[in-house]
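Student: Coordinates only, no sequence provided:
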């Protein structure tokens, strides 16, 4: 080793020794200062805590008692980590406060609510990925296959060509068909205004051909009780050929509690976002429609509107468009001869395209109840659509039952189990049967006029 290297080595050793000595001295000084000032204070605080009643109670808890305390906390955290549970919990809080159902607290709660929705959308983008819509061809269709592909009526689906070349698709909407049934009286809802807290509207009675002509010309009108055309002219049920669904025996069709008729045109605006407390199997009879569909799991992001019109069976939506645009949506066009299944509480909006020759579009929804489907779809919506609403109470049930949470689940669940739900031609009210429902509303003392300004 050279003299220069030897001196460098000695210098490094000297510096290291001084550093170790300095570090050791500093630690000794800090330790002594801690023992002198901080430790006595900590010991005093700990002794005070041990002497407190809270400490005595906590220290005396058994393992079982600790489990009883910790388990609900852990379970709550676990449940809140499940998106659909968390969203429904928020929906339970939203409905009585922000939907317009009971209170109007939008001014100070709404910004916080929208901020929460934005947080969910931004933080968990993987929860908002679209999934393909179920499509079934007429060749592969059976009712059992339909149940399997829709997860026992849980998922929306379109069935291509199931009613192709049926009598209805060849005759409904044609000029001679409209003329044949022109005497049928339609009660149409017009001049609809929702500028205030409630709907305002006017009811008119007119002939069927006058109603259809107005729709073709782009007039905004909604036919209340159009389904009575089937009870007055039951041969039209035969023309629908509902036996193709697979649960039909002549006119004794025990699958539909109501069979409606929607008539629109290219010049008429379609339906905005809404849902319903019943399932729909829609038969596209004439023309075509574009359906936009959103799973009811995302209902909190739609902001259900509790200010329902008097004939509503579900909710409209309140959320701003920039939030709705970010929710997974299936869009599908159904043409004449196709069928579309919309489960309970499924959100949907509709655009109409009239037939090139007649300018009309006709959809025949087969409506049926499903309490199980309602609870599977969204149990918060099931609660708030019916709680305190007398129009859902059976006349034979005590009027106070409307304040019982989920009373419709019990009432109609029993009727579904016993097979006593009304059929499409029964005199009982279900969904939109005009005469039966008017009689039903009167029997329970429900005044439709109260919904108007």
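Tutor: Okay, I see it. Owing to the predicted nature of the structure, the values given are computational and were not obtained by experimental measurement.
Student: Quick check on residue 364: phi, psi?
Tutor: phi -110, psi 90 (degrees, to the nearest 10).
Student: OK, contacts around it?
Tutor: 168, 240, 259, 260, 261, 262, 282, 283, 285 (C-beta atoms under 8 Å, 6 or more residues apart in numbering). In this view, the C-beta of every residue, glycine as well, is placed from N, C-alpha and C.
Student: Including distance to residue 274 and secondary structure, could those residues go into a markdown table?
Tutor: Listed next are those as a markdown table, based on distance: C-beta to C-beta, whole Å; DSSP: H, G, I helix; E, B strand; the rest coil:
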| residue | distance to residue 274 | secondary structure |
| --- | --- | --- |
| 168 | 25 | helix |
| 240 | 24 | helix |
| 259 | 19 | strand |
| 260 | 14 | coil |
| 261 | 18 | coil |
| 262 | 13 | strand |
| 282 | 14 | strand |
| 283 | 19 | strand |
| 285 | 21 | strand |
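Student: ok, which stretches of the stretch 151-300 of the chain are helices?
Tutor: Using DSSP state H, counting those that start in this stretch, the helices of the stretch 151-300 of the chain run over residues 167-171, 175-180, 208-216, 228-232, 235-240, 299-302.
Student: scratch that, the stretch 351-453 of the chain
Tutor: Under DSSP H, counting those that start in this stretch, the stretch 351-453 of the chain gives helices at 371-377, 379-386, 407-418, 434-443.
Student: before we move on, back to that, which of the contacts of residue 364 ranks first by neighbour count?
Tutor: residue 283 (30 neighbours; other C-beta atoms under 10 Å).
Student: coming back round to it: I'd like the helices of the stretch 151-300 of the chain as JSON lines, with distance to residue 391 and mean pLDDT appended.
Tutor: Formatted as JSON lines, these follow (distance: least, C-beta to C-beta, whole Å; pLDDT from 0 to 100):
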{"stretch": "helix 167-171", "distance to residue 391": "31", "mean pLDDT": "96"}
{"stretch": "helix 175-180", "distance to residue 391": "33", "mean pLDDT": "95"}
{"stretch": "helix 208-216", "distance to residue 391": "25", "mean pLDDT": "91"}
{"stretch": "helix 228-232", "distance to residue 391": "19", "mean pLDDT": "89"}
{"stretch": "helix 235-240", "distance to residue 391": "26", "mean pLDDT": "93"}
{"stretch": "helix 299-302", "distance to residue 391": "22", "mean pLDDT": "96"}
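Student: can you list the domains in this structure?
Tutor: Domain ranges of the chain: 3-45, 127-451, per automatic domain parsing.
Student: Spatially central residue in this protein, please.
Tutor: residue 296 (3.2 Å; C-alpha atoms, centre = their mean).
Student: That one: what's it in contact with?
Tutor: With contact set as C-beta under 8 Å, 6+ apart, residue 296 has these partners: 275, 343, 344, 345, 346, 347, 377, 378, 381.
Student: what do you get if the cut-off is 7 Å, keeping everything else the same?
Tutor: 275, 345, 346, 347, 377, 378, 381 (C-beta atoms under 7 Å, 6 or more residues apart in numbering).
Student: where does the closest residue to the first one other than its chain neighbours land in three-state SS?
Tutor: Yep, that's residue 275 we're talking about. Closest residue in space to residue 275, ignoring its immediate chain neighbours: residue 314 at 4.2 Å, by C-beta to C-beta, 6 or more residues apart in numbering. Secondary structure, DSSP: H, G, I helix; E, B strand; the rest coil: residue 314 is coil.
Student: Just give the number of residues close to residue 314.
Tutor: Other residues within reach of residue 314, judged by other C-beta under 10 Å, total 19.
Student: Could you check the pLDDT of it?
Tutor: Note for residue 314: predicted pLDDT of 90.
Student: Surely it and residue 274 touch.
Tutor: Yes. In this structure residue 314 lies within contact range of residue 274 using C-beta atoms under 7 Å: 5.8 Å.
Student: gap between residue 169 and residue 97?
Tutor: Residue 169 sits 47 Å away from residue 97, going by C-beta to C-beta, to the nearest Å.
Student: More neighbours: the two, which one.
Tutor: Neighbour comparison, residue 169 and residue 97: the larger count goes to residue 169, with 22 against 16 (by other C-beta under 10 Å).
Student: can you pull the contacts of that one?
Tutor: Applying C-beta under 7 Å, 6+ apart to residue 169 gives the contacts 163, 285, 286, 336, 337.
Student: For residue 333, pull up the helix or strand it's in.
Tutor: strand 330-335 (DSSP states H and E).
Student: And the contacts of that strand?
Tutor: If you take C-beta under 7 Å, 6+ apart as the criterion, strand 330-335 is touched by 130, 133, 156, 158, 284, 288, 289, 290, 291, 292, 293, 340.
Student: is it possible to export those residues to TSV including neighbour count?
Tutor: Below are the contacts of strand 330-335 laid out as TSV (neighbours: other C-beta atoms under 10 Å):
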residue	neighbour count
130	12
133	16
156	23
158	22
284	24
288	18
289	23
290	14
291	24
292	16
293	22
340	24
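Student: Kindly reformat the residues you listed as a markdown table containing pLDDT and distance to residue 409.
Tutor: Formatted as a markdown table, the contacts of strand 330-335 follow (pLDDT from 0 to 100; distance: C-beta to C-beta, whole Å):
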| residue | pLDDT | distance to residue 409 |
| --- | --- | --- |
| 130 | 91 | 31 |
| 133 | 97 | 29 |
| 156 | 97 | 23 |
| 158 | 98 | 29 |
| 284 | 97 | 32 |
| 288 | 95 | 36 |
| 289 | 95 | 32 |
| 290 | 95 | 34 |
| 291 | 96 | 28 |
| 292 | 97 | 29 |
| 293 | 98 | 25 |
| 340 | 98 | 26 |
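Student: of these, closest to residue 223?
Tutor: Ranked by distance to residue 223 (C-beta to C-beta), those are led by residue 289 at 16.0 Å.
Student: Tell me who's in contact with the closest one.
Tutor: Contacts of residue 289 (C-beta under 7 Å, 6+ apart): 334, 350, 351, 352, 353, 361, 363.
Student: The third one: neighbouring residues, count only.
Tutor: By the measure other C-beta under 10 Å, the count of residues near residue 351 is 17.
Student: my read: residue 83 touches residue 126, true?
Tutor: No. If you go by C-beta under 7 Å, residue 83 and residue 126 don't touch, sitting 9.9 Å apart.
Student: So those two - more neighbours on which side?
Tutor: residue 83 (15 against 6).
Student: Appreciated, that's everything.
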